[in-house]
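Trainee: okay, predicted coordinates and the sequence, questions at the end:
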Amino acid sequence: MNSPFPASSTGRARLRPLAVLLAVFAAGAVAVSAPARAQNADRARDFLSESRPQRDSRMKWWRDARFGMFIHWGVYSVPAGVYQGKAVPGIGEWIQANAAIPAEEYQKFPPQFNPVEFNAKEWVRIAKDAGMKYIVITSKHHDGFALFDSKATYWDIVDATPYGRDVLQALSRECKKAGIKFCVYYSILDWRHSAQRRDLQSQSGVGSYASNLMKEGRKAEYVEFMKTQLRELLENYDPAVLWFDGEWVNWWTEADGKNLYSYLRSLKPDLIVNNRIGKGRKGMEGLSKEGGYAGDFGTPEQQIPPTGLPGVDWESCMTMNDTWGFKSDDQNWKSSTTLIRNLVDIASKGGNFLLNVGPTAQGKIPAPSVERLADVGRWTKVNGEAIYGTHASPFAQQLPWGRVTSRKGKLYLHVFDWPKDGKLTISGMGSRVKKAYLLADHSRLTASQTGQDLSITLPAAAPDPAVTVIVLDVDGDPSASASR
Ligand code: H79
């Protein structure tokens, strides 16, 4: 076969004898001696028995952040949802599966991937101006293609595209400069690696790609390959979060997840890892059931749990249209108001919002995404105090007119539906209101409280039709005193 890319992701060694030597040398350098292994195992146990204060301090930046940018970018942005002249139904980054594209055909995309318009500084600015505090980018999606310079494979942006530059390097640098946390997504499922194969007899209903099998006796090799790439990611780009996916395949076990989790935390003790490293998620609801599953936070996908995930850190990831990876014909965009309200809804339930963009093969974040993010940014700039570092609503019931967030001494009332009679009422107030005002301009509002009943007199029209925030200064800690 004259393929420029060997079928095996680890095939680099076959092509370059020097690389073999280097790989052997590198492997030798990290080979773990028995005493060191025991020490690592001890450290791994330490991670699993981390105290509550230790965990709280590790999770602090993430809990305060509330809002991040997900970036799905890869060679699937070349076909952009169209294969052999036909629109392929489904999410863009799944085009290889959805159009059953043979590997020899799929590998024609990297030579066409030349994102000369990519500007890391610009992407980071777009995220920062939206009020996002972290970025999670696909370092490797299910198609196995690495957006970074991986020594473990040629199937990466530096070795296989005319662009030839390491975009993760550029992005991680710009993030650091801008004070944005840089994080990466990594798929366990891998359609490219020769250790895995399609399950052509798949009975699971998810298809032969989603239910990839492990070839007999090849698992250890694949796990080593993952560890090599993950170590490259940790060492070269210092990501604050590793966001796994594709863990549902039958050959990946909870024990594998725990082992990998321990390994990664031993390399970077303050690393945060999502629940998809192990088997703790429940479908797309992303519930990290407490009680021993690997990972630090739950990952509801394309949904906001009605009551949040009490007692668990969680993050809803969501698309702005109907795809993660760029599709040229998907114009089903959520409105800016919906996006702002989703952010508020999630914060009121104690979660984070990871909002996706799918850049083009030229390297541009689509204009409709940029416009919406700018709208969200105008809102967060004025109302960020009611989002970042806040706690969930202390009220047991969702209030009919909107949502609530809180912090010590303050309740933030996020009004979605402006009352027609100009009165906003709350019953069940557990704390005494000292002062009420609009967050946007700090103009005072008249509030009258009788016991647990509060009534606030509002301007006739909503100052911000998307979400207007009213601040209540209250006695003490609202999360402790409001009735439940
Ligand atoms: O990267 C994006 C998508 O490509 C990937 N996750 C987001 C963040 C993804 N979305 N959908 N899918 C992958 C398809 C997977 C569907 C399923 Fe399953 C796998 C259905 C059954 C197995 C996981 C386990 C979800 C439900 C149960």
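Mentor: The structure has been received and is ready for your questions. Numbers count the residues shown, from 1 in each chain.
Trainee: thought residue 137 was touching residue 170?
Mentor: No: Residue 137 lies out of contact with residue 170 (C-beta atoms under 8 Å); the separation is 10.9 Å. Backbone N, C-alpha and C define where each C-beta goes, glycine included.
Trainee: residues in contact with residue 348?
Mentor: Contact analysis of residue 348 by C-beta atoms under 8 Å, 6 or more residues apart in numbering lists 392, 393, 398, 403, 404, 405, 414.
Trainee: distance-wise, check residue 356 relative to residue 243.
Mentor: 12 Å (C-beta to C-beta, to the nearest Å).
Trainee: higher neighbour count, those two?
Mentor: Remark: of residue 356 and residue 243, residue 243 carries more neighbours, 26 against 20, as counted by other C-beta atoms under 10 Å.
Trainee: closest one to the ligand out of the contacts of residue 348, please.
Mentor: residue 392 (23.7 Å; C-beta to the nearest ligand atom).
Trainee: the nearest residue to residue 432 once chain neighbours are set aside: how many residues sit nearby?
Mentor: The shortest distance from residue 432 to any non-neighbouring residue, by C-beta to C-beta, 6 or more residues apart in numbering, is to residue 475 (4.6 Å). Number of residues near residue 475 (other C-beta under 10 Å) recorded here: 12.
Trainee: check residue 269 too.
Mentor: 13.
Trainee: SS state for it?
Mentor: coil (DSSP: H, G, I helix; E, B strand; the rest coil).
Trainee: what does residue 403 give?
Mentor: Residue 403 - assigned by three-state DSSP - is strand.
Trainee: ok, it - contacts?
Mentor: Counted by C-beta under 8 Å, 6+ apart, residue 403 has contacts 344, 345, 347, 348, 393, 414, 416.
Trainee: with adjacent residues omitted, what lies nearest to it?
Mentor: Closest to residue 403 by C-beta to C-beta, 6+ apart is residue 348, at 3.7 Å.
Trainee: touching, residue 160 and residue 111? I think so.
Mentor: Yes: between residue 160 and residue 111 there is a contact under C-beta under 8 Å: 7.5 Å.
Trainee: the two - which one has more neighbours?
Mentor: Under the criterion of other C-beta under 10 Å, the comparison of residue 160 against residue 111 puts residue 160 first, with 21 against 13.
Trainee: quick one on the thing from earlier: does the residue nearest to residue 432 touch residue 434 like I think?
Mentor: Yes: under the contact definition of C-beta under 8 Å, residue 475 touches residue 434, with a separation of 6.6 Å.
Trainee: how about the residue nearest to residue 319 when sequence neighbours are not counted, what does it touch?
Mentor: Leaving aside its sequence neighbours, residue 319 sits nearest to residue 356 (C-beta to C-beta, 6+ apart; 4.8 Å). Neighbour list for residue 356: 69, 70, 71, 72, 317, 318, 319, 320, 324 [criterion: C-beta under 8 Å, 6+ apart].
Trainee: can you check residue 432 too?
Mentor: 449, 474, 475.
Trainee: now this structure, which segments are flagged as low pLDDT?
Mentor: 1-48, 288-291, 479-484 (pLDDT under 70).
Trainee: tell me which residues of the single longest helix found in it come out buried.
Mentor: The helix spanning the most residues in the chain, taking DSSP state H as the definition, is helix 219-237. Residues 219, 222-223, 225-234, 237 are the ones in helix 219-237 that count as buried (16 or more other C-beta atoms under 10 Å).
Trainee: would you map the helices across the stretch 151-300 of the chain?
Mentor: Assigned by DSSP state H, counting those that start in this stretch, the helices in the stretch 151-300 of the chain fall at 157-160, 167-178, 207-210, 219-237, 254-267.
Trainee: cool, the stretch 351-484 of the chain as well?
Mentor: 367-383, 478-481.
Trainee: gap between the residue nearest to residue 319 and residue 241?
Mentor: 15 Å.
Trainee: try residue 455
Mentor: Residue 455 is 43 Å from residue 241, by C-beta to C-beta.
Trainee: so between the two, which is more surrounded?
Mentor: The neighbour comparison of residue 455 against residue 241 (other C-beta under 10 Å) goes to residue 241, with 23 against 14.
Trainee: figure out the length between the terminal residues of stretch 388-398.
Mentor: By C-alpha to C-alpha, to the nearest Å, the extent of stretch 388-398 from end to end equals 20 Å.
Trainee: what residues sit buried inside it?
Mentor: Applying 16+ other C-beta under 10 Å to stretch 388-398 flags 388, 390, 391, 392, 393, 394, 395 as buried.
Trainee: could those residues go into a markdown table alongside distance to residue 183?
Mentor: Formatted as a markdown table, the buried residues of stretch 388-398 follow (distance: C-beta to C-beta, whole Å):
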| residue | distance to residue 183 |
| --- | --- |
| 388 | 17 |
| 390 | 21 |
| 391 | 23 |
| 392 | 23 |
| 393 | 27 |
| 394 | 30 |
| 395 | 32 |
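Trainee: among those, which lie within strands?
Mentor: Among the buried residues of stretch 388-398, DSSP state E puts none in strands.
Trainee: now for those residues, which pair is the farthest apart?
Mentor: Farthest pair in these (C-beta to C-beta) is 388 and 395. Separation: 20.5 Å.
Trainee: the residue of the stretch 1-150 of the chain found nearest the ligand: neighbouring residues, count only.
Mentor: Using C-beta to the nearest ligand atom, residue 93 is the residue of the stretch 1-150 of the chain that sits closest to the ligand, at 4.9 Å. Using other C-beta under 10 Å, residue 93 has 26 neighbouring residues.
Trainee: over to residue 203?
Mentor: The burial count assigned to residue 203 is 7, neighbours taken as other C-beta under 10 Å.
Trainee: residues of the stretch 51-200 of the chain that sit close to the ligand?
Mentor: Within the stretch 51-200 of the chain, the positions lying close to the ligand (C-beta under 6 Å from any ligand atom) are 91, 93, 94.
Trainee: ok, of the residues you listed, which one's closest to residue 286?
Mentor: Among those, residue 91 lies closest to residue 286 (C-beta to C-beta), at 16.8 Å.
Trainee: list the contacts of that closest one.
Mentor: Residue 91 touches 98, 322, 323, 324, 325, 327, counting by C-beta under 8 Å, 6+ apart.
Trainee: for the nearest residue to the third one once chain neighbours are set aside, what are its contacts?
Mentor: Meaning residue 323. Sequence neighbours aside, residue 92 is the residue nearest to residue 323 in space, at 4.3 Å (criterion: C-beta to C-beta, 6+ apart). By C-beta under 8 Å, 6+ apart, the contact list for residue 92 reads 72, 76, 77, 80, 81, 323, 324, 325, 326, 327, 330, 358.
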